[in-house]
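Undergrad: sequence isn't available, so here's the structure alone:
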């Protein structure tokens, strides 16, 4: 069934924080580890036996939710099975700033004589998805696992994410903000905008309305294209969007972003369950990432 894969000697493996579904992975010839999600101490796997809708239903009813890095034994088993079919593996886990799975994987890879290269390019969601597809392109072009790792890590800061959070309840629950800040936020109906660039999730701005939050995020993307990606015209930038349980609003926002940045082919994904567990439903996100142009 997978004879066609024998041509490429480098396997590309990621986790479900990339938003790549098992079906998409199958079509693209890559591999995706499902992230474990613990709901009231029962384990589920993202995209395997837990859908996004089921997750938000449980979150809304107040279930105790924890996300975890993939089990170490599972990671090693996957590497071993891929190395039976491929010469090398490139593993792209969730950003090291947001999870310990990256450091753990780097440590485990030391036993594989360079055959397993773990990419720490600090991405999540749609920006991570773009890295994974870039890795596949590079593998198809004959690059080695080490070269792929180097190229992706050199581009790690050429990407930013802005997220408007609809409710502060889950950030408070996860201890990401103080209860007092959360109380004031809900009292004043503040819509915080968070930023992810490189290592961590930071507070970026406080908006009074969704409309203002969207404006702040579009302005931030325009500024980043110019100052961070050094691509003021945007011709070498990919804009992608994401949301948590907010289909209708993201469709409207997408139309606004397309109007502001014409000529961009924008795709939209749900945010992964790891992010969703911290920020809850109703979030809107927009991202910009430098295209892999030459390699």
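TA: That came through, no problem. The model shown is predicted, which means the values in this text are computed figures rather than measured ones.
Undergrad: residue 130 is in contact with residue 290, isn't it?
TA: No: Residue 130 is not in contact with residue 290 according to CB atoms under 8 Å; the separation is 9.4 Å. C-beta coordinates here come from the backbone N, C-alpha and C atoms, glycine included.
Undergrad: common neighbours of the two, please.
TA: Each of 159, 238 lies in contact with both residue 130 and residue 290 under the rule CB atoms under 8 Å, 6 or more residues apart in numbering.
Undergrad: between those two, which has more neighbouring residues?
TA: Of the pair residue 130 and residue 290, residue 130 is the one with more neighbours under other CB atoms under 10 Å, namely 22 against 19.
Undergrad: how much space separates the more buried one from residue 91?
TA: Per CB to CB, to the nearest Å, residue 130 is found 17 Å from residue 91.
Undergrad: also residue 46?
TA: Distance of residue 46 to residue 91, computed by CB to CB: 17 Å.
Undergrad: cool, residue 289 as well?
TA: Applying CB to CB to residue 289 and residue 91 gives a distance of 20 Å.
Undergrad: equivalent analysis for residue 134, please.
TA: Residue 134 sits 14 Å away from residue 91, going by CB to CB.
Undergrad: ok, the closest residue to residue 174 other than its chain neighbours - contacts?
TA: Nearest non-adjacent residue to residue 174, counting by CB to CB, 6 or more residues apart in numbering: residue 278, 5.0 Å away. Residues near residue 278 by CB under 8 Å, 6+ apart: 170-171, 174, 176, 201.
Undergrad: what's the lowest-pLDDT member of those?
TA: Ranked by pLDDT, those bottom out at residue 176 (66).
Undergrad: hmm, back to that, quick one, which of residue 289 and residue 91 is more surrounded?
TA: Neighbour count, other CB under 10 Å: between residue 289 and residue 91, residue 91 has more, with 28 against 25.
Undergrad: report pLDDT for the more buried one.
TA: Looking at residue 91, its pLDDT reads 96.
Undergrad: give me the three-state assignment for it.
TA: Secondary structure for residue 91, judged by DSSP: H, G, I helix; E, B strand; the rest coil, is strand.
Undergrad: give me the packing partners of the helix or strand hosting residue 223, helices and strands only.
TA: Applying DSSP states H and E as the criterion places residue 223 in helix 210-227. Contacts defined by 3 or more CB pairs under 8 Å, 6 or more residues apart in numbering; DSSP states H and E place helix 210-227 against strand 159-164, strand 191-197, strand 200-207, helix 247-260, strand 284-290.
Undergrad: buried set for the fourth one?
TA: Burial within helix 247-260, assessed by neighbour count using 16 or more other CB atoms under 10 Å, is assigned to 249-250, 253-254, 257.
Undergrad: what's the answer for stretch 39-50, then?
TA: Going by neighbour count (16+ other CB under 10 Å), the buried part of stretch 39-50 is 39, 44-47, 50.
Undergrad: and it, how far out from the chain's middle?
TA: From the chain centre to the centre of stretch 39-50 is a distance of 19 Å (CA atoms, centre = their mean, to the nearest Å).
Undergrad: other residues contacting it?
TA: Applying CB under 8 Å, 6+ apart, the external contacts of stretch 39-50 come out as 16, 21-22, 32, 34-38, 55, 58, 63-65, 272-273.
Undergrad: just those residues: which are in helices?
TA: Per DSSP state H, helices hold the following members of the contacts of stretch 39-50: 22, 55, 58, 273.
Undergrad: run through the stretch 101-250 of the chain and note the low-pLDDT ranges.
TA: 175-179, 181-182, 184-186, 198-200 (pLDDT under 70).
Undergrad: what residues sit buried inside stretch 160-176?
TA: 160-173, 176.
Undergrad: and the strands in the stretch 51-200 of the chain, which stretches?
TA: In the stretch 51-200 of the chain, the strands defined using DSSP state E, counting those that start in this stretch lie at 65-67, 88-92, 116-118, 159-164, 191-197, 200-207.
Undergrad: cool, thanks, talk later.
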